[in-house]
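J.: Just to be clear, the model below is a prediction. Sequence and coordinates:
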Amino acid sequence: GHCNVSKQYPELGSWVSSQRTGYARFMEKQTVGSKRNLWGMNQERIDLLNEIDFCWKMCPTPVPWEMRFLQLKEFKKQQKHCNVPQHYAANKKLGLWV
């Protein structure tokens, strides 16, 4: 998975953007020695986001092959096999890709 949030999730996308801004401000303050961070970012939150491989800068969108591969991994995790039907209703593009 990844932490690039689609436009179909505007609230989550806004939150992710705020975390990136808060991180940048936190790092700037650490450099100049200030302990105050108006964005609410702290080392504990940074560590939690790092645990899920959060991208602190906007990550490039995976190329289509990589996206399909990640979707196939998720399909296998759920279905316990990789035999995606060609007309798989939940993800038609994955069915065609496989």
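T.: Nice, I can see it. Only a predicted model underlies this, so the values are computations on that prediction, with no experimental measurement involved.
J.: Please make it C-alpha for all contacts and neighbour counts, starting now.
T.: Noted.
J.: Just the buried positions in the longest helix belonging to the chain, please.
T.: In the chain, taking DSSP state H as the definition, the longest helix is helix 10-32. Buried residues in helix 10-32, counted by 16 or more other Cα atoms under 10 Å: 13, 16-17, 19-27.
J.: As a markdown table, those with pLDDT and distance to V98 would be great.
T.: Formatted as a markdown table, those follow (pLDDT from 0 to 100; distance: Cα to Cα, whole Å):
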| residue | pLDDT | distance to V98 |
| --- | --- | --- |
| G13 | 89 | 30 |
| V16 | 91 | 32 |
| S17 | 90 | 34 |
| Q19 | 93 | 36 |
| R20 | 92 | 35 |
| T21 | 91 | 39 |
| G22 | 92 | 40 |
| Y23 | 93 | 39 |
| A24 | 92 | 40 |
| R25 | 89 | 44 |
| F26 | 90 | 44 |
| M27 | 88 | 43 |
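J.: Would you reformat these as JSON lines and include distance to K77?
T.: Output for the buried residues of helix 10-32, formatted as JSON lines (distance: Cα to Cα, whole Å):
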{"residue": "G13", "distance to K77": "26"}
{"residue": "V16", "distance to K77": "26"}
{"residue": "S17", "distance to K77": "29"}
{"residue": "Q19", "distance to K77": "29"}
{"residue": "R20", "distance to K77": "30"}
{"residue": "T21", "distance to K77": "34"}
{"residue": "G22", "distance to K77": "34"}
{"residue": "Y23", "distance to K77": "33"}
{"residue": "A24", "distance to K77": "35"}
{"residue": "R25", "distance to K77": "38"}
{"residue": "F26", "distance to K77": "37"}
{"residue": "M27", "distance to K77": "37"}
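J.: re the thing from before, quick one: the longest helix of the chain to chain centroid distance?
T.: 15 Å (Cα atoms, centre = their mean, to the nearest Å).
J.: what's the next helix or strand after that helix in contact with?
T.: Following helix 10-32 in sequence order, the next helix or strand is helix 43-51 (DSSP states H and E). Contact partners of helix 43-51, identified using Cα atoms under 8 Å, 6 or more residues apart in numbering, comprise Y23.
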